[in-house]
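[1] model the following, please.
(one chain, ligands or ions: 1)
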Amino acid sequence: MEDLQGVLSQRGLTVSTLPDKGRCLFSIRDFSPGEVILNEEPFVSVASRASVDSRCEWCFSTSNLKRCSACQVVLYCGSTCQKSDWKLHRLECGVLSKVDKDRLKSLTPSIRLMVKLYLRRKLQNEKIIPTTATDNYNLVEALVSRILIYVSLWGSLRDISEIDEKQLVLYAQMANLVNLILELPGIGIKEIAENFSKLACNAHTICDSELRPLGTGLYPVISIINHSCLPNAVLVFKGRLAVVRAVQHIPKGTEVSISYIETAGSTMTRQKALKEQYFFSCSCPRCAKLGQCDDIQESAILEGYRCKGAECSGFLIRDSGDKGFICQHCGLVRGKDEIKKIASEAKTIVQRLTSKFDALRLEHAPRSENCHPDALATLASKVEVSRVPTKIEILKRSVPCSVAEIFPEEEIEDWRTSISNELKSASAAITLSNLKHFTIYQGVLYYRGSGGLLARCIGEEEAKVKIQEVHERSCGTGDASLYR
Ligand SMILES: C[S@@+](CC[C@H](N)C(=O)[O-])C[C@H]1O[C@@H](n2cnc3c(N)ncnc32)[C@H](O)[C@@H]1O
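    Predicted coordinates for the structure are as follows:
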């Protein structure tokens, strides 16, 4: 741990412990918006199920792939990646080659990740690959796990109502399989099962720049970073390299936080997700507003359904008492079944629109002014009732510029004005290398960069150059304009 503190302090960071959170990463100097706080190669990584037959095991590239002739499981895009992975894959390959074909098909990425974890530990123990302050199994041992509670109660499972017994049984079965495959002496099922619970709380989904999942990686240093629904940093990936960037000014002495979950969800939805997967109740400033007026307003926009009451412009949001859905303006109550029907109608509409937008996107260059959340909300109001998709869903669609075909010019002009006003008050930053895809605005990840935010981060002239680059890369048109 001291070695780790030494390395971290050179980067302006330190690890502390808080009673309600466990380990936390703190800044010991100021970080600017957009600055890289930390980057880390995974201790182990594995391609996702969808990627395993279509991407390089090392860098996740999709070109020139060749299958390992011995195990017939992993693919590499060339000798560089194959060599980088060779020491570990040599062992994994030997292990996989012994597994019978039917069982091989049932090897999930989590099982393979666990197998690789133990094989890499073996390689480091035998000094075949080096150990460093930021790359060693002690850091994996220090990760939080939930299974200790389970292990101490292992014998009396049936008596424990709070604990998800199904999950525990699943971990035990998976651990058994890993043990059978590995055939390594001295590893117990309980230890492997505990490591599965560590993966659940600590492993990260490796995504490409469009947030498509490529694989899973264990990054033990980045795993020290706690969650906030209003994070001051964001985790992005360059291939398998995980990069944590500041999304706002982080003063010295501040806890660095990222979001573990989709931030464009209501407080209730976020709390539920954090409790289920990470076993804690978030008390960030956004969660602390639960039930307050602006929290209700935000939930309405993120997850509400348009109220169909006469003249009412409110949104129906889920009632905490589970009655159904209540309009936050007029108090109208609608039953769950009715909303279910509305949701399914809305889904059909959104699917139709998505395919229209996708078709248009192919014809027209996407432009960020059309990515405003109001675009789809307005569209939704035209079809009277529709779930308002989350900002991220809207922005994923990056409504194309030919949206003018659907909306009158004055409406589009209104969005332009409201977007520039919004950006003026945004507390935001951008991950420069992924400008095309990532913009963080008040904790929400937006697709496609926005000039105004960038200009505040890196200065107007440099921003123009960057925007021009991005436009050229993404669509070949564009005039490097800033929204201010
Ligand atoms: C990836 S780990 C983060 C580092 C962890 N604090 C540690 O001691 O290793 C995730 C776990 O940290 C804790 N955690 C993360 N963010 C938290 C927060 N905002 N409040 C309370 N606990 C949190 C939860 O126990 C969660 O399962």
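[2] who in the stretch 251-400 of the chain is up against the ligand?
    278, 279, 280, 282 (Cβ under 6 Å from any ligand atom). C-beta: built from backbone N, CA, C; applies to glycine.
[3] quick check: the second one vs residue 228, distance?
    Spelled out, that is residue 279. The gap separating residue 279 from residue 228 is 16 Å, by Cβ to Cβ, to the nearest Å.
[4] between the residues of the stretch 251-400 of the chain next to the ligand, which is nearest residue 65?
    Using Cβ to Cβ, residue 278 is the member of these that sits closest to residue 65, with 34.8 Å.
[5] burial check on residue 98, number of neighbours?
    For residue 98, the count of nearby residues is 10 (other Cβ atoms under 10 Å).
[6] phi, psi for it please.
    For residue 98, the backbone dihedrals (degrees, to the nearest 10) come out as phi -90, psi -10.
[7] residue in the protein nearest to the ligand?
    Distance from the ligand to each residue of the chain (Cβ to the nearest ligand atom) is smallest for residue 22, at 2.7 Å.
[8] need the contact list for that residue.
    Applying Cβ atoms under 8 Å, 6 or more residues apart in numbering to residue 22 gives the contacts 144, 226.
[9] want to throw the residues of the stretch 251-400 of the chain next to the ligand into TSV with secondary structure, neighbour count and pLDDT?
    Formatted as TSV, these follow (DSSP: H, G, I helix; E, B strand; the rest coil; neighbours: other Cβ atoms under 10 Å; pLDDT from 0 to 100):
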residue	secondary structure	neighbour count	pLDDT
278	helix	18	89
279	coil	13	87
280	coil	17	91
282	coil	23	95
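[10] how about those residues, which pair is most distant?
    Comparing every pair within those by Cβ to Cβ identifies 279 and 282 as the most remote, at 11.3 Å.
[11] surely residue 213 meets residue 207?
    Yes: applying Cβ atoms under 8 Å as the test, residue 213 and residue 207 come out as touching, 5.5 Å apart.
[12] neighbour count: those two, which is higher?
    residue 207 (17 against 14).
[13] thought that one was touching residue 216?
    No: if you go by Cβ under 8 Å, residue 207 and residue 216 don't touch, sitting 10.5 Å apart.
[14] mind listing what the host helix or strand of residue 242 pairs with, with the direction of each?
    Here residue 242, judged by DSSP states H and E, is contained in strand 241-246. Applying DSSP bridges, strand 241-246 is found paired with strand 36-40 (antiparallel), strand 233-238 (antiparallel).
[15] helix or strand right after it?
    Strand 241-246 is succeeded, C-terminally, by strand 257-258 (DSSP H and E).
[16] which phi and psi does the residue of the chain closest to the ligand have?
    phi 80, psi -140.
[17] check the one 4 residues further on too.
    Residue 26 has phi and psi values of phi -120, psi 150 when expressed as degrees, to the nearest 10.
[18] and it, how many neighbours?
    Neighbours of residue 26 using other Cβ under 10 Å come to 17.
[19] can you check the pLDDT for it?
    The model reports residue 26 with a pLDDT of 98.
[20] how about the nearest residue to residue 93, chain neighbours excluded?
    Among residues not flanking residue 93 along the chain, residue 71 sits closest, at 4.5 Å (Cβ to Cβ, 6 or more residues apart in numbering).
[21] thought the one you found was touching residue 98?
    No: using Cβ under 8 Å, residue 71 makes no contact with residue 98, being 9.6 Å away.
[22] quick revisit: for the strand holding residue 242, give me every contacting residue.
    31-42, 204, 206, 217, 219, 222, 225, 232-237, 256, 258, 429, 431.
[23] for it, list every residue counted as buried.
    For strand 241-246, burial by neighbour count (16 or more other Cβ atoms under 10 Å) applies to 242, 243, 244, 245, 246.
[24] closest to residue 196 among the residues you listed?
    Once Cβ to Cβ is applied, the member of the buried residues of strand 241-246 that ends up nearest residue 196 is residue 242, at 20.8 Å.
[25] the closest one pairs with what?
    Beta-bridge partners, per DSSP bridges, of residue 242: residue 40, residue 237.
[26] can you map out the strands along the stretch 151-300 of the chain?
    204-207, 213-218, 226-227, 233-238, 241-246, 257-258 (DSSP state E, counting those that start in this stretch).
[27] strand partners (parallel or antiparallel) of the third one?
    Take DSSP bridges as the rule and strand 226-227 pairs in its sheet with strand 257-258 (parallel).
[28] which residues touch the partner strand?
    225, 226, 227, 228, 231, 232, 233, 234, 235, 244, 284.
[29] which single one of those is nearest to residue 102?
    Closest to residue 102, out of all of the contacts of strand 257-258 and judged by Cβ to Cβ, is residue 235, at 36.9 Å.
[30] so what's the residue count around the closest one?
    23.
[31] I'd say it and residue 222 touch.
    Yes: shown here, residue 235 and residue 222 form a contact pair, counting by Cβ under 8 Å, at 6.7 Å.
[32] need the overlap of contacts for the two.
    204, 242, 244.
[33] any chance of the residues you listed in TSV, with pLDDT and distance to residue 295 too?
    Formatted as TSV, these follow (pLDDT from 0 to 100; distance: Cβ to Cβ, whole Å):
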residue	pLDDT	distance to residue 295
204	94	28
242	94	31
244	92	28
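[34] and the ligand, which of those contact it?
    Within the shared contacts of residue 235 and residue 222, nothing lies near the ligand by Cβ under 6 Å from any ligand atom.
[35] pull the number of nearby residues for residue 341.
    With other Cβ under 10 Å as criterion, residue 341 counts 12.
[36] tell me which element it falls in.
    Residue 341 belongs to helix 336-363, assigned by DSSP H and E.
[37] and for residue 317?
    strand 315-318.
[38] residues in contact with that strand?
    266, 268, 296, 299-301, 303-307, 325-329, 332, 334, 339, 388.
[39] 6 Å instead, please
    With contacts defined as Cβ atoms under 6 Å, 6 or more residues apart in numbering, strand 315-318 is touched by 299, 300, 304, 305, 307, 325, 327, 328, 334.
[40] for this structure, which element, helix or strand, carries the lowest mean pLDDT?
    strand 428-430 (a mean of 30; mean pLDDT, DSSP states H and E).
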